[in-house]
Every structure is written in structure tokens, then in C-alpha cells.
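> sequence and computational prediction follow.
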Amino acid sequence: MRMDEEKVKAAEEEETWGKETVPKVIRIVSTRLSQRDLISLLLVSPWLHRTLVSYPSLWLVIDLREMNNAGNRLVAALSIPRYRHVREINLEFAQDIEDRHLELLKTKWLGSLQDLESLNLNGCQKISDKGIEIITSTCPELKVFSIYWNVRVTDIGIQHLVKNCKHIIDLNLSGCKNILDKSLQLIADNYQELESLNLTRCVKLTDGGLQKILIKCSSLRSLNLYALSGFTDEAYKKISLLSHLRFLDLCGAQNLSDEGLACIAKCKNLVSLNLTWCVRTTDVGVMAIAEGCSSLEFLSLFGIVGVTDKCLEVLSRFCSNTLTTLDVNGCVGIKRRSRDELLQLFPHLMCFKVHS
């Protein structure tokens, strides 16, 4: 009789463990897993499938990065009830995603995209302005939009974006080489709360377009102008209007002078500044940055031959407690640039080379 009671008790404990303890553990562990790992777990057992699906917060992301047949996968995923309130879709460098797939989403699963806040179409080169029109018309709450390396996108696509998505705060147009100043005008007029903008290699832009952004988008915290050699001080000086700016990439800004850099030094909150190959810069400009931007943690002077040890001494005076990354490789005018010599000036340095 006693053995029977012990068996019953053991069975009850096992049932409690299965119904209460295991789901709690699964819930805690599952929040630390990638979406792809979660999908793999769904296949382990029907019980685990039911448990995981019962947690809506686990299914707010669809991650199809670098996957083949991504268009059909996306359409299939959005047909599943657990993705009815998806917040983020990542299709970075995914294969086989075209405008027609976005049209299918709009036709069949419009309701599932109403809460979407982040859409990554980086490297999806078969998406055109038409695709942007289709997908943005289904995502009124979109806040983050990235479409890096897409030469099919033009001002028409940006026009659809600003018309359909009113809440964008993070916009990546890196490598969209066919957008013109009209796009920057549209962005400036419609996204004055914009916090992050990446215009890397958008080579058809001019001072006039950039100035529209700098005048109207005063909330910018991150601005990437990498590999854009056509801008001049006329635009660079207006970067000083961005009082909240923390990240600025000016790599390859061949027309940036010390005068322009002195204006940028008014951005007191700057933490990261890339001046790689800013060949007109001298000690004067770097010293202005040192005095104005005393919170700098990252600075690259790579390839600038017009700077000397003098600018490092001033940098050390104002930024020695904050700088953790400093690249002076190729700065032939700086003689004291060995690891040990730099650590004497900047004791918190951890990275000495940004470019290879």
C-alpha cells in the first residue's frame, strides 16, 4: 500500500514538474534563444510546440537573413497565426525576394503587418520603387527602415516611404546610388524626429540636399557620410546644428577643412568620429575637436598626413580619460605612434587600428 502511495505521489510531482516548472524554465530559456533556435525547438515534441506557441512575445521577429527562397518563406511565415503581430522582419542579403512577394503579403496578410516597426531589406537588390510602395503601404507603424546596396531605389521609392510611414526614426540608404537631393528634401520635410541616417556612397547627393537634412533633422544622433567626397564646408559647417549628435562618419571627406572641423567641434556630445582620409585636415582642426568634444571614445585619423604629435598632446589633455579607440596609422607627421607611446597619452586605449 505504501509503495502505491509513493508511486502516486511521484506521479503527481512529475505532473506538477511537467505542467508548472518545465514551462517556467522553457519561458526563461526561450527568451535567450535566436528565432531559428526557437523554430528548431518547435519540432522536438507536440508539448514543447504548444508551450512555445503560447508565448506571443517569442514570435515578434521573422529572421530570414541570408536564406534562399526568402520570398516564399516570408509569405508562408505570415500565414501562421503566431506571427500575427510581428514587429521586426529581417531579410538582410536574403535570396529570391522580389516585388511580387511583397504584393502577395499586401493581398493576403495585410493585417499581420500593421504592427511592424523594423524592416531590413539590405542587399535585396530585386526590390524596386514599386516594392517599396507596396510594403510601406502595409506598415503604418514602421520606425526602422534599411535598404542598403540597392541601386534600383530612386527618389520615387523615398516618396512612397515618407507618404506611407510617418514614424521613421532610423533610415539606412547606404549604397542607394541613384537617390538625389529630392530624397533628402523629402526626408527633411517629413522626418524631423529622425535619429539615425546612413547615406554611405549615395554619390549623387550635393551640399544643397545635405543642408536640408542638417537644418531640419535636429534630433539626429547618428550620421554616416562614409565615402562621399563631393560635399564641401558649406554643408559640413551646418553639422554644428546637430546638438544631439553622437556618431559621425566622414571617412573620405576630401573637402573638409579645419574651418569645417571647427564647426563640427560644437557637437559637444560626439562620442565617435571617423576622419579617415580627410586629407585637408591639420592639427588645427583636430585640436578644435579635442577641446569641443571631450567625450570622444572613438577617433580615426588614418591616412591624414597633415597632423603631428602636437594634436595628440591636445587630445590627451581633453580626451585621455575617454578615448578607447584611436587610429593614427598612416599619419606620417605623428612620430610618437607606437603602442606604448600612445598608451602613455591615452591610458584607456584598447584599439589602435580601425582600418586594415
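In hand now; what should we look at?
> could you check which helix or strand contains the residue nearest to Gln159 when sequence neighbours are not counted?
With Cβ to Cβ, 6 or more residues apart in numbering as the measure, Leu186 is the residue that lies nearest to Gln159, at 6.0 Å, once sequence neighbours are left out. The way it works is simple: take the backbone N, C-alpha and C, and place the C-beta from them, glycine included. Following DSSP states H and E, one finds Leu186 within helix 181-190.
> which residues does the next helix or strand after that helix contact?
Once the chain leaves helix 181-190, the next helix or strand it forms, by DSSP H and E, is strand 196-198. With Cβ atoms under 8 Å, 6 or more residues apart in numbering as the test, strand 196-198 has contacts from 146, 148, 169-174, 187, 213, 217, 220-224.
> what about 6 Å?
Residues outside strand 196-198 that contact it (Cβ atoms under 6 Å, 6 or more residues apart in numbering) are Asp170, Leu171, Asn172, Ser174, Ser222, Leu223, Asn224.
> how close does the residue nearest to Gln159 sit to Pro46?
Counting by Cβ to Cβ, to the nearest Å, the gap from Leu186 to Pro46 is 51 Å.
> compare these two (neighbour count), which wins?
Neighbour tally, Leu186 and Pro46, criterion other Cβ atoms under 10 Å: the higher count belongs to Leu186, 19 against 9.
> quick one, strands of this structure?
Remark: strands assigned in the chain by DSSP state E are 61-63, 88-90, 118-120, 144-146, 170-172, 196-198, 222-224, 247-249, 272-274, 298-300, 325-327.
> would you turn the ones you listed into a markdown table with mean neighbour count, distance to Lys310 and mean pLDDT?
Below are the strands of the chain laid out as a markdown table (neighbours: other Cβ atoms under 10 Å; distance: least, Cβ to Cβ, whole Å; pLDDT from 0 to 100):
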| stretch | mean neighbour count | distance to Lys310 | mean pLDDT |
| --- | --- | --- | --- |
| strand 61-63 | 18 | 49 | 96 |
| strand 88-90 | 19 | 46 | 98 |
| strand 118-120 | 20 | 44 | 98 |
| strand 144-146 | 20 | 41 | 98 |
| strand 170-172 | 21 | 37 | 98 |
| strand 196-198 | 21 | 33 | 98 |
| strand 222-224 | 21 | 28 | 98 |
| strand 247-249 | 20 | 23 | 98 |
| strand 272-274 | 22 | 18 | 98 |
| strand 298-300 | 23 | 15 | 98 |
| strand 325-327 | 22 | 15 | 98 |
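> and of those strands, who's closest to Thr107?
strand 88-90 (17.0 Å; Cβ to Cβ).
> elements contacting that closest one?
strand 61-63, strand 118-120 (3 or more Cβ pairs under 6 Å, 6 or more residues apart in numbering; DSSP states H and E).
> want to throw those into a markdown table with distance to Ile264?
Output for the helices and strands packed on strand 88-90, formatted as a markdown table (distance: least, Cβ to Cβ, whole Å):
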| stretch | distance to Ile264 |
| --- | --- |
| strand 61-63 | 37 |
| strand 118-120 | 30 |
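> how long is stretch 111-128 from one end to the other?
23 Å (Cα to Cα, to the nearest Å).
> same check on stretch 246-255?
Start-to-end span of stretch 246-255 (Cα to Cα) is 22 Å.
> swap in stretch 273-285?
Taking Cα to Cα as the criterion, the two ends of stretch 273-285 lie 13 Å apart.
> which non-adjacent residue is nearest Asn269?
Arg246 (5.5 Å).
> tell me the contacts of the one you found?
Arg246 touches Arg221, Asn269, Val271, counting by Cβ under 6 Å, 6+ apart.
> quick one: it from Leu301, how far?
From Arg246 to Leu301 the distance is 19 Å (Cβ to Cβ).
> okay, now Ile213: neighbour count?
Ile213: 28 neighbours (other Cβ under 10 Å).
> give me the below-cutoff pLDDT ranges for this structure.
Scanning the chain for pLDDT under 70 picks out 1-22, 356.
> so where do the helices sit in the stretch 1-150 of the chain?
2-16, 22-30, 35-42, 46-53, 70-78, 99-108, 129-136 (DSSP state H, counting those that start in this stretch).
> quick one, which of these is nearest to Asp63?
helix 35-42 (4.6 Å).
> Val271 and Glu297 touch, don't they?
Yes. With contact defined as Cβ atoms under 6 Å, Val271 reaches Glu297; the gap is 5.0 Å.
> show me what contacts Arg336?
Contacts of Arg336 by Cβ under 6 Å, 6+ apart are Asp309.
> repeat that for His160.
Contacts for His160 were tallied using Cβ under 6 Å, 6+ apart; they are Ile132, Glu133, Thr136.
> for those, which one is nearest Ala70?
The closest of those to Ala70 turns out to be Ile132 (Cβ to Cβ; 16.8 Å).
> neighbours of that closest one, just the number please.
Ile132: 28 neighbours (other Cβ under 10 Å).
> return the member of the contacts of His160 nearest to Thr232.
Ile132 (30.6 Å).
> ok, the closest one to Thr282 distance?
Distance from Ile132 to Thr282, counting by Cβ to Cβ: 43 Å.
> then Gln35?
Gln35 is 50 Å from Thr282, by Cβ to Cβ.
> cool, and Arg73?
Using Cβ to Cβ, Arg73 is found at 53 Å from Thr282.
> check contacts around Tyr148.
By Cβ under 6 Å, 6+ apart, the contact set of Tyr148 is Asn122, Asn172, Ser174, Gly175.
> columns distance to Lys182 on top of these, output as a markdown table?
A markdown table is the format used below for the contacts of Tyr148 (distance: Cβ to Cβ, whole Å):
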| residue | distance to Lys182 |
| --- | --- |
| Asn122 | 23 |
| Asn172 | 18 |
| Ser174 | 18 |
| Gly175 | 18 |
